[in-house]
Structure formats: structure tokens, C-alpha cells
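*Asks:* Okay, here's the prediction I keep looking at, along with the sequence it came from:
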Amino acid sequence: MAENHINRDEREEDRENRKKESTDTVDVLVRRAGRGLSIIVISLLIVAITVFTVVNTLKARYINPVDKRDTAPVEVEIQSGWSLNKIASELQDAGVIRSSAVFKLFVDLSDNTSKLKQGKHVFARSMTMQEIMDELLTSKGAVPEVTITIPEHWDLQMTADYLVNEKGFDFTVDDFIDAAKVENFTDYPFLLDIPEERIENEDVISPLEGYLFPDTYRVYADAKPEDIMRKMLNQFENVYNDTLKERTVEMGMTMDEVVVLASIIQKEARIDDEFSKVSAVFHNRLDEGMALESCATVQYLIREPRWILTEEEMAIDSPYNTYKYPGLPIAPIGSPGRLALQAALFPYENYMRDGQKYLFFCLKDPDTGEHVFNRTLSAHNADKAKYEALWDTNTDE
């Protein structure tokens with residue numbers, strides 16, 4: 001009996017030991033699980049903090065406004081045909097976005113790449129990337145454009161009056177004329193060949209006269225004189241192409257001489273097929289050493305477009321007066337168009353044959369602008385007497 005009692009005690013003790021061991025094992029497992037969970041939680045927190053830090057760093061460096069406090073307007077002109085990459089680069093250069101690459105990605109992901117509008121937009125360094133894209137999509141802050149039309153034969157004074165008094169640009173006539181200086185446009189090589197004599201002569205209103213090409217342009221409403229002039233100079237550069245440059249060399253002329261002569265032709269001729277004929281007469285007179293005797297050069301001086309000039313007016317002492325001084329005047333007297341430039345370089349050959357040179361022309365019909373051309377002074381005087389009675393005292397400007 002005692003032995004059985006001992007065995008029962010041993011079994012009971014064994015059960016207690018196994019129970020304790022089981023409990024100890026569970027405790028160990030729980031402690032291990034707790035440590036693993038803590039490690040996972042801590043790891044997740046570290047990842048979250050890292051991601052948060054990285055995101056905020058990226059936002060601060062690439063996405064956030066450049067300067068939330070800077071609301072000063074920044075104008076950026078987006079030109080037709082620009083790619084998204086070019087637009088983004090311009091915005092970064094202007095200081096309104098932090099990263100062109102991030103902005104490009106932002107627009108791409110928004111599926112607005114092809115919807116950005118050209119024009120002059122107004123931004124601020126305080127704008128978010130979304131606000132900048134919205135401006136490019138809606139153009140709410142865009143500067144409006146104005147259409148201006150500068151007719152052929154207009155001179156600088158007439159152009160300035162039109163821009164200020166008819167189109168209402170925010171500058172004065174004097175501002176426009178004062179801006180027309182070679183030193184303001186030294187990136188145009190053809191202007192650097194303008195004679196120094198003209199630049200220094202006080203009688204010359206502007207050495208740029210004749211080079212501001214007459215045409216129709218779209219310009220921004222807040223354009224400065226230099227902005228408008230650059231458009232006109234660019235167009236002159238386009239029109240005076242390689243063909244005209246090669247012909248200039250063939251004629252033994254400089255570009256400036258061509259522009260001066262073309263400006264006179266533009267003022268004298270009113271019918272397309274007479275431009276080259278008027279040019280031929282002037283070329284012949286230059287070759288013969290005769291004064292050009294162009295009424296247009298005197299009209300430029302007196303600022304009155306009258307067909308009939310007085311003796312006193314034709315005697316005005318000015319380097320512009322082609323009645324008083326032979327050769328070309330000191331400077332252009334207006335803006336020649338494409339046809340006048342071509343005519344100056346391609347005069348009507350039939351009027352330039354040896355022994356058959358036409359040296360005179362006079363107005364035949366003041367309404368149509370038709371002229372009559374002659375080889376001799378006597379024939380010219382006869383026609384002048386015949387048609388002079390028809391001339392009005394004012395030309396149709």
C-alpha cells in the first residue's frame with residue numbers, strides 16, 4: 001500500500017512538473033511573440049517616419065510653392081508649339097516652380113499635356129503646382145493680346161502716334177521714338193551696318209527708321225516699345241531673305257542703301273506695277289549723278305503730304321532734301337514694304353537701256369496714283385503742265 005501511495009505521489013509530481021514546463025514554454029513563446037511584435041511595430045514606425053520625412057522633404061524641395069509669402073506677379077510667355085518640357089523649363093527659369101521634371105510629371109499624370117495654352121501668363125512664387133497648371137489651362141491671368149496694323153510707308157512718328165493715341169499702349173510717343181536706337185537692338189547684325197553719320201546726325205529722328213517692317217501683328221496689351229519693335233525687326237529680317245541679300249551684292253549696294261531707296265519708292269509709287277518703274281527712274285538719276293528730286297523726301301520734312309511743293313520748301317537745307325542734295329538722303333523716310341524692297345533691287349530693265357533711260361515721272365491721276373514716265377525733260381514738263389491742274393493740294397495718306 002505504501003508503494004502504491006509513493007507511485008501516486010510520483011505521478012502527481014510528474015504531472016505538476018509537466019504542467020509547469022508547459023506553462024514555462026507558453027510564457028517563453030508569449031515573451032518571444034511580444035518581442036517580435038514590438039520589433040515589427042517599431043520597424044513599421046521607423047518606415048512610416050522615414051516615408052513621412054522623405055515625402056515632406058520631396059514636397060519641400062520639389063512640390064511646395066517656391067515662396068508662400070511672395071505674391072509678386074511673374075510673367076511667363078508660352079509660345080506656340082512649345083513642348084511640355086520647354087514650358088516646364090521656362091517656369092523653372094522664371095522661379096515659379098522648383099523642379100521642371102516634377103512639374104512635367106505632375107501635368108502628365110493629370111492628362112493635361114496637350115491642353116496648356118500659349119500666351120503671356122501671370123504667376124506668383126506663392127502658387128501651388130495645381131494653381132500653376134490651372135492658370136496654364138484656363139488663362140485667367142493671361143495678358144490680353146492686341147492686333148496692330150502698320151501700313152506700308154508709315155514713318156516712325158506716324159507709327160508712334162497710332163500705337164499711343166489709337167491703340168492706347170501705356171507709353172508715350174516720345175518713349176517709342178526714344179527706344180528706337182541701335183544700342184537697344186545690337187543682336188540684329190543688319191542694324192550694326194547703319195552709317196555712323198546717321199546715328200550722330202541731329203536731323204535724324206531715329207536711325208531705325210525704315211527697318212520697322214510694316215505689317216499686322218499680335219502684341220500683348222502691356223507691350224513696351226522694345227517689344228513691338230522686336231516683332232517688326234524680326235519680320236524685316238524674314239523678308240530681307242538670302243535672295244535679296246545676294247541681289248544687294250550684285251547691285252553693288254549696301255542693305256542700308258536699299259532700305260533708303262525703297263522708302264522713297266514706297267512713298268512715290270501707289271500702283272503695284274509702277275514700283276519697279278519708279279525704281280528704274282531713281283536708279284538712272286543716281287547713275288547720271290542727278291538729284292533724285294523726290295517730293296516725298298520734302299514731305300517727310302514738312303510733315304504735310306501735299307502734291308505741290310513751294311520753292312521755299314524745295315530749298316530747305318536738310319540732308320533729307322533730294323532737291324537740294326544729289327544722291328540718296330541721309331536716312332529712310334518711312335517703312336518700305338516687301339514690294340518696295342524688291343523694286344529697289346529689281347528695277348524695270350526696259351526703262352534702263354542705254355540711250356533709252358527714263359529719268360522723269362509725274363502724277364497723272366491723283367485718284368488712282370497712276371504716273372506718266374518720260375525720258376526727256378521737255379516731255380516731262382509737257383506732261384506736268386497737262387496734269388498739274390488735276391492734282392489736289394493734299395495726298396491721300
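*Replies:* Perfect, I can see it now. Numbers count the residues shown, from 1 in each chain.

*Asks:* what packs against the helix or strand hosting T159?
*Replies:* Using DSSP states H and E, T159 maps to helix 156-161. When contacts are defined as 3 or more C-beta pairs under 8 Å, 6 or more residues apart in numbering; DSSP states H and E, helix 156-161 packs onto helix 173-179. Bear in mind the C-beta positions are built from the backbone N, C-alpha and C, glycine included.

*Asks:* now could you export just the CA positions of the following helix or strand past the helix it packs on as CSV?
*Replies:* Moving toward the C-terminus from helix 173-179, the next helix or strand (DSSP H and E) is helix 196-200. Output in CSV follows, covering the C-alpha atoms of helix 196-200 (Å, rounded to 0.1, in the frame of the first residue of the first chain):
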residue,chain,number,x,y,z
GLU,A,196,27.6,106.3,-88.0
GLU,A,197,26.8,109.6,-89.7
ARG,A,198,23.1,108.9,-89.4
ILE,A,199,23.4,107.8,-85.8
GLU,A,200,25.2,111.0,-84.8
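
*Asks:* what comes into contact with helix 196-200?
*Replies:* Identification of contacts with helix 196-200 by C-beta atoms under 8 Å, 6 or more residues apart in numbering yields V182, V204, P207, I330, A331.

*Asks:* Tell me how far it lies from the chain's centre.
*Replies:* Here helix 196-200 is found 27 Å from its chain centre; the criterion is C-alpha atoms, centre = their mean, to the nearest Å.

*Asks:* any low-confidence regions in the stretch 201-350 of the chain?
*Replies:* When residues are selected by pLDDT under 70, none of them lie in the stretch 201-350 of the chain.

*Asks:* can you give me the helices for it?
*Replies:* If DSSP state H, counting those that start in this stretch is used as the criterion, the helices of the stretch 201-350 of the chain fall at 225-239, 242-250, 255-268, 275-287, 295-302, 311-314, 338-345.

*Asks:* can you give me the angle the longest one makes with helix 255-268?
*Replies:* Comparing the axes of helix 225-239 and helix 255-268 via axes from the mean of the first three to the mean of the last three C-alpha atoms, to 10 degrees yields an angle of 100 degrees.

*Asks:* what does helix 225-239 contact?
*Replies:* So helix 225-239 is contacted by 148, 150, 163, 169, 171, 175-176, 178-180, 184-185, 188, 190-191, 208, 211-215, 217, 219-220, 338, 341 (C-beta under 8 Å, 6+ apart).

*Asks:* May I ask you to confirm that K117 is in contact with D134?
*Replies:* No. K117 is beyond contact range of D134, at 11.1 Å (criterion: C-beta atoms under 8 Å).

*Asks:* okay, the two: which has more neighbours?
*Replies:* Set K117 next to D134 and count neighbours by other C-beta atoms under 10 Å: D134 wins out with 15 against 12.

*Asks:* ok so the more buried one is a strand residue?
*Replies:* No. Under DSSP: H, G, I helix; E, B strand; the rest coil, D134 sits outside any strand and is assigned helix.

*Asks:* Quickly note the distance from it to L84.
*Replies:* Going from D134 to L84 by C-beta to C-beta, to the nearest Å gives 16 Å.

*Asks:* I63 too?
*Replies:* 17 Å.

*Asks:* Also P225?
*Replies:* Separation of P225 from L84 (C-beta to C-beta): 33 Å.

*Asks:* got it, and I265?
*Replies:* From I265 to L84 the distance is 47 Å (C-beta to C-beta).

*Asks:* Likewise for Q266?
*Replies:* 44 Å.

*Asks:* Once you drop chain neighbours, what's closest to A262?
*Replies:* In this structure, A262 finds its nearest non-sequential neighbour in P336, 3.6 Å apart by C-beta to C-beta, 6 or more residues apart in numbering.

*Asks:* same deal with H371?
*Replies:* Computed as C-beta to C-beta, 6+ apart, the closest residue to H371 that is not its neighbour in sequence is F361, at 4.6 Å.

*Asks:* Where does that neighbour sit: helix, strand or coil?
*Replies:* strand.

*Asks:* Could you check how far it is from N238?
*Replies:* For F361 relative to N238 (C-beta to C-beta), the value is 31 Å.

*Asks:* higher neighbour count, the two?
*Replies:* F361 (21 against 10).

*Asks:* give the contact list for G327.
*Replies:* L286, L292.

*Asks:* And the chain, what are its domain boundaries?
*Replies:* 17-63, 73-138, 147-239, 247-397 (automatic domain parsing).

*Asks:* Quick one: distance of the last one to the chain centre.
*Replies:* This points to domain 247-397. 34 Å.

*Asks:* What is the burial count for the residue nearest to A262?
*Replies:* Per other C-beta under 10 Å, the neighbour tally for P336 reads 31.

*Asks:* residue contacts, it?
*Replies:* E152, H153, G210, P214, V259, A262, S263, I265, Q266, A344.
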